[in-house]
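Chemist: I'd like to go over a predicted model; first the sequence, then the structure.
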Amino acid sequence: MSSTVDALSMERRPIVISGPSGVGKGTLCQRLLDAYPETFVTTVSHTTRKPRPGEVEGSAYYFVSRVKFESLISEGIFIEFAEFNGNLYGTSKQTVIDQTARGAASKEDDSQINPRFVFVKPPNLEALEARLRGRGIEDEGSIQRRLARAKEELAYAETGVHDKIIINHDLDRASQELEDFIFERS
Ligand SMILES: Nc1ncnc2c1ncn2[C@@H]1O[C@H](COP(=O)(O)OP(=O)(O)OP(=O)(O)O)[C@@H](O)[C@H]1O
């Protein structure tokens with residue numbers, strides 16, 4: 001799944017981190033948040049998925065109906081959106097603007113968002129499958145759908161649309177590479 005986690009660099013340019021479900025995006029982002037709690041924030045996505053127990057509106061997600069989500073698409077509010085497992089997920093420009101500048105970018109002017117796009121790749125599909133299984137939250141059908149989607153996402157990443165591709169093989173190395181990219185050390 002290309003679920004997206006966004007963080008903000010010191011220059012306040014958003015970082016959009018995408019990659020197949022189970023590749024380790026959440027793990028990598030959590031490491032950044034833990035290491036630099038004053039520097040990074042995450043944005044809240046919209047979804048048509050039903051809330052799970054404990055998920056709070058406006059914190060886990062903005063939960064909306066499909067009709068509402070589709071009207072938001074036609075209004076052009078999303079930086080990116082994707083459908084997975086019959087549910088739509090998207091990151092709105094507004095949530096990024098709210099988190100980015102707290103006023104530096106005008107609410108009407110999304111041309112200043114200018115994100116940097118990072119794609120996280122697994123070392124291979126076998127490793128990805130092992131991570132999905134190891135996480136232990138998906139049933140077999142869901143694992144197979146995620147793997148099928150992963151192949152499409154990996155092919156898309158080959159087209160060179162991202163600013164940086166990081167292979168998450170060794171977690172420490174991948175974390176370091178992500179940090180170096182974000183802080184423009186590489
Ligand atoms: N480099 C790594 N080596 C081995 N296991 C890893 C590595 N990185 C992450 N994992 C493990 O893989 C599993 C999936 O990681 P994580 O939940 O962060 O993926 P994700 O990309 O955020 O998935 P989703 O898009 O479905 O939310 C977790 O159990 C995590 O601990």
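Modeler: Thanks, I have the structure now. Numbers count the residues shown, from 1 in each chain.

Chemist: drop to CA atoms for contacts and neighbour counts, all remaining ones
Modeler: Fine.

Chemist: List the contacts of stretch 74-87.
Modeler: For stretch 74-87, contacts defined as C-alpha atoms under 8 Å, 6 or more residues apart in numbering pick out 1-3, 47-49, 72, 88-94, 145.

Chemist: doesn't Gly90 fall inside a strand?
Modeler: Yes: residue state for Gly90 (DSSP: H, G, I helix; E, B strand; the rest coil) corresponds to a strand.

Chemist: residue contacts, it?
Modeler: Here Gly90 is in contact with Ser45, His46, Thr47, Phe78, Ile79, Glu80, Phe81, Ala82 (C-alpha under 8 Å, 6+ apart).

Chemist: So among the residues you listed, which ones count as buried?
Modeler: Ser45, His46, Thr47, Phe78, Ile79, Glu80, Phe81 (16 or more other C-alpha atoms under 10 Å).

Chemist: In the contacts of Gly90, find the pair that's most separated.
Modeler: Spatially, the most separated pair among the contacts of Gly90 is Thr47 and Ile79, at 13.8 Å (C-alpha to C-alpha).

Chemist: Output the longest helix belonging to this structure.
Modeler: helix 140-157 (DSSP state H).

Chemist: Okay, buried residues for that one please.
Modeler: Ile143, Arg146, Leu147, Arg149, Ala150, Glu153, Leu154, Ala157.

Chemist: and that helix, what does it pack onto?
Modeler: helix 125-135 (3 or more C-alpha pairs under 8 Å, 6 or more residues apart in numbering; DSSP states H and E).

Chemist: Quick check: buried residues in the helix it packs on?
Modeler: Leu128, Glu129, Arg131, Leu132.

Chemist: In this structure the third one contacts Val23, no?
Modeler: Yes: Arg131 is within contact range of Val23, at 7.2 Å (criterion: C-alpha atoms under 8 Å).

Chemist: just the helices in the chain please.
Modeler: Using DSSP H, helices in the chain cover 25-35, 66-74, 93-100, 125-135, 140-157, 171-182.

Chemist: worst average pLDDT in those?
Modeler: The minimum mean pLDDT among these belongs to helix 93-100 (a mean of 83).

Chemist: All set now, cheers.
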